[in-house]
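*Asks:* build me a structure from this.
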Amino acid sequence: MFTYIKESIDELKNNVTLPSRAESSNLMVIVAVFSILFALATWGVDSLFSKLIQLYFSNIIN
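*Replies:* The predicted model follows:
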């Protein structure tokens, strides 16, 4: 276990590089746009299913 932790720390120190500020900003915008699009798609599907369920139950009751 200690060997794994030591190797992980060495890996982080020697082989991992952080992206530049500009690249981080670009990636943040991409993630934000896709998050908004996914939220809108989820809202749309939820609204559609809600309408379908209301229609179904209104037809059963009448």
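*Asks:* helices and strands around the host helix or strand of residue 9, which ones?
*Replies:* Assigned by DSSP states H and E, residue 9 belongs to helix 2-15. Applying 3 or more CB pairs under 8 Å, 6 or more residues apart in numbering; DSSP states H and E, one finds that helix 2-15 contacts no other helix or strand. The C-beta positions use only the backbone N, C-alpha and C, and glycine is treated the same way.
*Asks:* now the helix or strand that it is followed by: average pLDDT?
*Replies:* Sequence order places helix 21-61 as the next helix or strand after helix 2-15, per DSSP H and E. Mean pLDDT, helix 21-61: 96.
*Asks:* what lies in contact with the helix holding residue 9?
*Replies:* For helix 2-15, contacts defined as CB atoms under 8 Å, 6 or more residues apart in numbering pick out no residues.
*Asks:* restricting to C-alpha, output that helix in PDB.
*Replies:* Output in PDB follows, covering the C-alpha atoms of helix 2-15 (Å, rounded to 0.1, in the frame of the first residue of the first chain):
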ATOM      1  CA  PHE A   2       2.800   2.400   0.900                       C
ATOM      2  CA  THR A   3       4.600   1.600  -2.400                       C
ATOM      3  CA  TYR A   4       1.400   2.400  -4.300                       C
ATOM      4  CA  ILE A   5       1.000   5.800  -2.500                       C
ATOM      5  CA  LYS A   6       4.700   6.600  -3.000                       C
ATOM      6  CA  GLU A   7       4.500   5.800  -6.700                       C
ATOM      7  CA  SER A   8       1.300   7.800  -7.100                       C
ATOM      8  CA  ILE A   9       3.000  10.900  -5.600                       C
ATOM      9  CA  ASP A  10       6.000  10.400  -7.800                       C
ATOM     10  CA  GLU A  11       3.800  10.100 -10.800                       C
ATOM     11  CA  LEU A  12       2.000  13.400  -9.900                       C
ATOM     12  CA  LYS A  13       5.200  15.200  -9.300                       C
ATOM     13  CA  ASN A  14       7.100  14.000 -12.400                       C
ATOM     14  CA  ASN A  15       4.500  13.300 -15.200                       C
END
